[in-house]
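> sequence first, predicted coordinates after that:
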Amino acid sequence: MNPLIEYPRKAGTPVSFRPFSPAVKVGDLIFVSGQASVDLQGNIVTDTFEGEFRRSMENLKKVVEDSGSDMKHVVQTRNYIRDPENVVRFNELYKEYFSAPYPSRTTITQCLKGLHYEVECIAVVKR
């Protein structure tokens with residue numbers, strides 16, 4: 001295994017039963033896998049768009065922090081929204097987790113089944 005690649009995970013980090021790591025750390029970069037509205041065992045928790053958004057973002061925050069960073073050090077997000085009509089609400093809620101200058105961002109709609117929202121990110125290690 002390459003010593004420059006780490007797979008950070010602490011107790012309480014949201015995990016999945018699917019074959020992927022919550023985060024991969026390469027040098028000062030942290031690549032966080034898609035975080036959805038799941039509990040600590042990886043079970044989907046269905047809710048309204050806002051409820052799933054908040055659970056997904058709290059899972060993202062936990063994984064980022066467990067990897068040695070915080071939400072202020074997120075440099076890019078990729079957001080997946082099932083229903084395009086939720087984009088306006090998404091933009092409002094997003095500002096609760098990120099502030100200007102915002103991370104770079106991609107938002108894709110009409111792409112999920114069974115979930116309203118999922119998010120992934122790239123962050124830098126907090127020094």
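It's in. Just so it is clear, the structure is predicted and the values come from calculations on it, not from any experiment.
> what's the helix or strand of the chain with the lowest mean pLDDT packed up against?
Least confident helix or strand, the chain: strand 5-6 with a mean of 92, by mean pLDDT, DSSP states H and E. Packing contacts for strand 5-6, counted by 3 or more C-beta pairs under 8 Å, 6 or more residues apart in numbering; DSSP states H and E, involve strand 23-26. C-beta here means a position set from N, CA and C on the backbone, and glycine is covered the same way.
> alpha carbons of the strand it packs on, as CSV, please.
Below are the C-alpha coordinates for strand 23-26, written out as CSV (Å, rounded to 0.1, in the frame of the first residue of the first chain):
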residue,chain,number,x,y,z
ALA,A,23,-12.8,9.2,2.7
VAL,A,24,-9.4,8.8,1.1
LYS,A,25,-6.6,11.2,2.2
VAL,A,26,-3.7,11.8,-0.2
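> quick one on the thing from earlier: what pairs with the least confident helix or strand of the chain, parallel or antiparallel?
Using DSSP bridges, the strands paired with strand 5-6 are strand 23-26 (antiparallel).
> in the strand it pairs with, what's buried?
For strand 23-26, the buried set under the neighbour-count rule, 16 or more other C-beta atoms under 10 Å, comprises Ala23, Val24, Lys25.
> the second one: what's it in contact with?
This points to Val24. Neighbouring residues of Val24 by C-beta atoms under 8 Å, 6 or more residues apart in numbering: Ile5, Glu6, Tyr7, Ile30, Phe31.
> just among those, which is most surrounded?
Counting neighbours by other C-beta atoms under 10 Å, the top entry in the contacts of Val24 is Ile30, with 26 neighbours.
> any low-confidence regions in this protein?
1-2 (pLDDT under 70).
> so what secondary structure elements neighbour the helix or strand hosting Glu118?
Using DSSP states H and E, the element containing Glu118 is strand 117-124. Secondary-structure packing of strand 117-124 (3+ C-beta pairs under 8 Å, 6+ apart): strand 29-36, helix 49-66, strand 74-81.
> same list (those) but as JSON lines, adding distance to Phe98.
Formatted as JSON lines, the helices and strands packed on strand 117-124 follow (distance: least, C-beta to C-beta, whole Å):
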{"stretch": "strand 29-36", "distance to Phe98": "14"}
{"stretch": "helix 49-66", "distance to Phe98": "9"}
{"stretch": "strand 74-81", "distance to Phe98": "7"}
